[in-house]
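J.: one predicted model, sequence on top.
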Amino acid sequence: MATEEKNYAFQERKRVLFFGLPWTFTKYLISDDMITVDTGLLRVEENDCYMYKVQDVKLAATLIERMFGLGTVTCYTGDVTSPQLMIVHVKHAKEIKNYILKASEEARMRRRTLNTLDIGAEGDDLNPED
């Protein structure tokens, strides 16, 4: 549970699909350096992911979600506890997706972190003379 005061770019609640009402106990807090997901009523769980660990972001919206102005944002991360961090049934989903993409790139630049892909290059294949 976040006790310190922080400037959040977005504070959203997971909503039920019926009329998009916030009747759930899941809260999403998105700042320029971290994404926090608070869930639960009796058993509370807080999951954080640093913004620099977000590698890619996807926005999906079903027909019912679009009818009620909702969407689901999936963040593909390098985080151990949540490789796919889902921000489910939220309003302003497109703005949240765009913000996370921009903020994650800025966070990587601040930390001088580089994402690389393994394209299957083997050490033996690089030197054909051997």
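T.: That came in fine, so what should we check first? Residues are numbered from 1 along each chain as shown.
J.: identify the bridge partners of the residue nearest the centre of the chain.
T.: The centre of the chain sits closest to residue 75, judged by CA atoms, centre = their mean, with a distance of 3.7 Å. Beta-bridge partners of residue 75, counted by DSSP bridges, are residue 57, residue 85.
J.: tell me the pLDDT of it.
T.: For residue 75, the model assigns a pLDDT of 96.
J.: separation between it and residue 19?
T.: Remark: distance between residue 75 and residue 19 (CB to CB, to the nearest Å) = 26 Å. In this view, the C-beta of every residue, glycine as well, is placed from N, C-alpha and C.
J.: same thing with residue 86?
T.: Here the criterion is CB to CB. By it, residue 86 lies 21 Å from residue 19.
J.: which one of the two has more residues nearby?
T.: residue 86 (15 against 9; other CB atoms under 10 Å).
J.: just checking, the more buried one touches residue 74?
T.: Yes. Using CB atoms under 8 Å, residue 86 is in contact with residue 74, at 5.4 Å.
J.: buried set for the lowest-mean-pLDDT helix or strand in the chain?
T.: Every helix and strand in the chain was compared by mean pLDDT, DSSP states H and E; the lowest is strand 10-13, with a mean of 88. Within strand 10-13, the residues that qualify as buried are 10, 12-13, counting by 16 or more other CB atoms under 10 Å.
J.: helices and strands around that strand, which ones?
T.: Strand 10-13 is packed against strand 27-30, strand 84-90, helix 93-111, with contacts defined by 3 or more CB pairs under 8 Å, 6 or more residues apart in numbering; DSSP states H and E.
J.: ok, back up a step: could you dump the buried residues of strand 10-13 into TSV with distance to residue 52 added?
T.: TSV is the format used below for the buried residues of strand 10-13 (distance: CB to CB, whole Å):
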residue	distance to residue 52
10	18
12	21
13	26
